[in-house]
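>>> how would this look folded up:
(one chain, ligands or ions: 1)
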Amino acid sequence: MPTSPGPPEPRRFRKVLIANRGEIAVRVLRALAELDIRSAVIYSEPDRDGLPVLLSDEAYPIGPAPSRDSYLRAEAIVELAVRIGADAIHPGYGFLSERAEFARLCREAGVAFIGPPAEAIAAMGSKTESRRRMIAAGVPVVPGGDSPVGDLEAAAEAAVGIGYPVMIKAAAGGGGKGMRRVDSAAELASAFRAARSEAAASFGDDAVYLERCLVEPRHVEIQVLGDHHGRVVSLGERECSLQRRHQKVVEESPSPAAGPELRARMGEAAVAAAAAVGYTNAGTVEFLLDRDGRFYFLEMNTRLQVEHPVTELVTGIDLVAAQLRIAQGEPLGPEFDDVRPHGHAVEVRLYAEDPFRGFAPSPGRIRLLRLPAGPGVRNDCGVYEGAEVTVHYDPMLAKLIVWAADRPRALARLGRALGELRIEGIQTTVPLYRALLADPDFLAGRLDVGMLDRKLAAGELRPREEPEAPDLPFIAAALVHFERSNRLATGGAGSGGRPAAGSRRGEWRRAGRREALRRGPWS
Ligand code: MV4
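Prediction:
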């Protein structure tokens, strides 16, 4: 049975230390400010001029660029929290967020870890252990072996029992490392060897096991919250099938594949999964959903996730505020009864990668940054104009999230927002999203986990440049000036009617407007 420390003494946090950087540090800072809790951040040398340092109440240097010398210094971070009188540490995602040992260190130092108990992190950290516990809890898992296969003979036997195609997976794994699809007995030996050595290299553990391979499944995950009073709730699903090499690029809620009935069943399974390991705070239960609407537990992410905003926008729940309140010992209130999605939200991740050059990293100075705004548009951004993007950390700079009444309107709004967005100085994945908005399968919600890689390999998703403006800045400036003086002279209605579409004058005028928008009158 999971050891539960029981409800913490109810208390108000006065100061919280954020053990992270970038957009998620900014996101947590905002929640702290709204709850009137003092904020402290750590920062590495290259992050000293970063947005979290600018926005926090207190900021502390933690070391040089390499993560192991800065953001991964578990003991130094806990010591700092004690020294500065922080009541709690928010780990964000990545870095120390899923290290059971870190959660334990916090607890021993009397600092609240804003996340689940160390025991729950550990139980979900092992694929084979979590599979066994899910089976015991009645949560559906992909049919297959519930223990590692030690040699090729055992693997062959297991594969026959399961039936080809099978998936070989690393027991310690996750993220697709050490994973191999095997379509026939003839391929098994080489795939088994490859999976084992990749597992050993990635996780220091060469244990692998076999599952039935699902064909073109979707990745659908359920957001859960658990309080310290024994209650776990589901906040519905996120569709995360659009991934490039196991990196999510677009997420949305609700899933185009889910209706109220499937949502309810997946939500119940996710709540059972979390409860089975004594889960508290925010977590995500990942499922594979097959084309017949059957779903299978994949793994549980024991942290706040990058894509949490789409859930926030369709449920109206502030997940970071909920994490803080749960960690303070508050019970989940009536606003968490029977949460249903309202409207539709889509998130695209802005990576500093060049989609025209195989998604190569694209560090450099952000020379121009204009973020979209207006109805239903949210930016979770960790950088600002003039900031330097380095190669030291994850290339995700920001997320653009839109909300609208339904999916077609949300996609239209995403297109509008991408049209307003300008980033110069570095390359980003924005052109890929412009291309996706012209893809019939994406528009129809026909998604599966292999779709993006297949389309990119087939050259189907030519990244689209932003609508190109001719390089005519002075003519543009003249046109803008002409328009302004004309508008003043005529009392605001412009020069009297739109020129016929495609007319020479109309094209030039539009080019001028685009150019003026691109550069801005201020630069
Ligand atoms: C699978 C699968 C099909 N069948 N398991 C990849 C990462 C790992 N966490 C689980 N993964 C998969 N497991 C079975 N039995 C297909 C995938 C998969 C995938 C899953 C989620 C998100 C993206 C993916 C991309 C390719 C393959």
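
>>> which helix or strand in this protein has the lowest average pLDDT?
Of the helices and strands making up the chain, the lowest-confidence element is helix 473-490, at a mean of 54, by mean pLDDT, DSSP states H and E.

>>> counting neighbours, what do you get for residue 455?
Residues near residue 455, counting by other C-beta atoms under 10 Å, number 18. For glycine as for every other residue, the C-beta is placed from the backbone atoms N, C-alpha and C.

>>> contacting residues for the closest residue to the ligand within the stretch 351-500 of the chain?
When distances are taken as C-beta to the nearest ligand atom, the stretch 351-500 of the chain reaches nearest to the ligand at residue 449, 3.4 Å away. If you count contacts by C-beta atoms under 8 Å, 6 or more residues apart in numbering, residue 449 has them with 216, 217, 218, 219, 241, 243, 288.

>>> would you mind giving the secondary structure of it?
coil (DSSP: H, G, I helix; E, B strand; the rest coil).

>>> the ligand contacts on this protein?
Proximity of the chain to the ligand, by C-beta under 6 Å from any ligand atom, involves residues 142, 167, 174-176, 179, 211-214, 217, 219, 243, 246, 288, 298-299, 449-450.

>>> make a ChimeraX selection of the buried ones in the residues you listed.
Only the buried entries of those go into this ChimeraX selection, using 16 or more other C-beta atoms under 10 Å:
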select :142,167,174,179,211,212,213,214,217,219,243,288,298,299,449
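
>>> any idea which of the contacts of residue 449 is closest to residue 428?
Closest approach between those and residue 428, by C-beta to C-beta: residue 243, at 17.5 Å.

>>> so what's that closest one up against?
219, 249, 449, 452, 453.

>>> I'd assumed the second one was in a strand, is it?
Yes. Going by three-state DSSP, the assignment for residue 249 places it inside a strand.

>>> could you report the pLDDT at residue 126?
Per-residue confidence at residue 126 stands at 83 (pLDDT).

>>> correction: residue 173
According to the model, residue 173 carries a pLDDT of 76.

>>> name the SS class of it, please.
coil.

>>> you'd agree it is up against residue 199?
Yes. Counting by C-beta atoms under 8 Å, residue 173 touches residue 199, with 6.2 Å between them.

>>> so which residue is dead centre in this protein?
residue 306 (2.6 Å; C-alpha atoms, centre = their mean).

>>> dump the residue contacts of that residue.
By C-beta under 8 Å, 6+ apart, the contact list for residue 306 reads 24, 93, 248, 349, 396, 399.

>>> what's near enough to touch the fifth one?
Applying C-beta under 8 Å, 6+ apart to residue 396 gives the contacts 22, 23, 306, 349, 350, 351, 352.

>>> phi, psi of the third one?
Note on residue 306: backbone dihedrals following degrees, to the nearest 10 are phi -50, psi -40.

>>> start at 50 instead
I'll keep to 50 as the first residue from here, and by that count the last item is residue 355.

>>> what is the burial count for the residue nearest to residue 154 when sequence neighbours are not counted?
Excluding its sequence neighbours, the residue lying closest to residue 154 (C-beta to C-beta, 6 or more residues apart in numbering) is residue 127, at 4.9 Å. Neighbours of residue 127 under the rule other C-beta under 10 Å: 24.

>>> whichever strand in the chain runs longest pairs with which strands, and in what direction?
The strand that spans the most residues within the chain, counting by DSSP state E, is strand 281-293. Note on strand 281-293: by DSSP bridges, its sheet partners are strand 267-275 (antiparallel), strand 296-302 (antiparallel).

>>> buried set for that strand?
The neighbour-count check on strand 281-293 (16+ other C-beta under 10 Å) flags 281-293 as buried.

>>> can you redo these as JSON lines with distance to residue 324 and pLDDT?
Formatted as JSON lines, those follow (distance: C-beta to C-beta, whole Å; pLDDT from 0 to 100):
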{"residue": "281", "distance to residue 324": "5", "pLDDT": "98"}
{"residue": "282", "distance to residue 324": "11", "pLDDT": "98"}
{"residue": "283", "distance to residue 324": "11", "pLDDT": "98"}
{"residue": "284", "distance to residue 324": "15", "pLDDT": "98"}
{"residue": "285", "distance to residue 324": "18", "pLDDT": "98"}
{"residue": "286", "distance to residue 324": "18", "pLDDT": "98"}
{"residue": "287", "distance to residue 324": "20", "pLDDT": "98"}
{"residue": "288", "distance to residue 324": "24", "pLDDT": "98"}
{"residue": "289", "distance to residue 324": "23", "pLDDT": "98"}
{"residue": "290", "distance to residue 324": "27", "pLDDT": "98"}
{"residue": "291", "distance to residue 324": "30", "pLDDT": "98"}
{"residue": "292", "distance to residue 324": "28", "pLDDT": "98"}
{"residue": "293", "distance to residue 324": "34", "pLDDT": "97"}
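
>>> pull the CA atoms of stretch 481-490 into PDB?
In PDB, the C-alpha atoms belonging to stretch 481-490 read as follows (Å, rounded to 0.1, in the frame of the first residue of the first chain):
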ATOM      1  CA  LEU A 481       5.000  24.300 -39.700                       C
ATOM      2  CA  TYR A 482       1.800  25.500 -38.000                       C
ATOM      3  CA  ARG A 483       0.900  27.600 -40.900                       C
ATOM      4  CA  ALA A 484       1.300  24.500 -43.100                       C
ATOM      5  CA  LEU A 485      -0.700  22.300 -40.700                       C
ATOM      6  CA  LEU A 486      -3.600  24.800 -40.900                       C
ATOM      7  CA  ALA A 487      -3.800  23.900 -44.600                       C
ATOM      8  CA  ASP A 488      -3.700  20.100 -44.000                       C
ATOM      9  CA  PRO A 489      -7.000  18.400 -44.600                       C
ATOM     10  CA  ASP A 490      -6.400  15.600 -42.100                       C
END
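
>>> can you pull the pLDDT of the residue of the stretch 400-549 of the chain closest to the ligand?
pLDDT, read off for residue 498, is 98.

>>> could you do the one 5 residues further on as well?
Note on residue 503: pLDDT of 98.

>>> which element is it on?
For residue 503, the host element (DSSP states H and E) is helix 500-506.

>>> what helices and strands are in contact with that helix?
Packed against helix 500-506 by the contact rule (3 or more C-beta pairs under 8 Å, 6 or more residues apart in numbering; DSSP states H and E) you find strand 281-293.

>>> mind saving the C-alpha coords of the strand it packs on as CSV?
Extracted in CSV, the C-alpha atoms of strand 281-293 (Å, rounded to 0.1, in the frame of the first residue of the first chain):
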residue,chain,number,x,y,z
VAL,A,281,-9.0,12.7,-6.9
VAL,A,282,-10.8,14.4,-9.8
SER,A,283,-10.5,14.3,-13.6
LEU,A,284,-10.5,17.6,-15.6
GLY,A,285,-10.9,15.9,-18.9
GLU,A,286,-8.6,15.1,-21.8
ARG,A,287,-6.0,16.6,-24.0
GLU,A,288,-5.4,15.3,-27.6
CYS,A,289,-1.6,15.2,-28.0
SER,A,290,-1.2,13.0,-31.1
LEU,A,291,0.7,15.6,-33.1
GLN,A,292,4.2,14.9,-32.2
ARG,A,293,7.5,15.0,-34.1
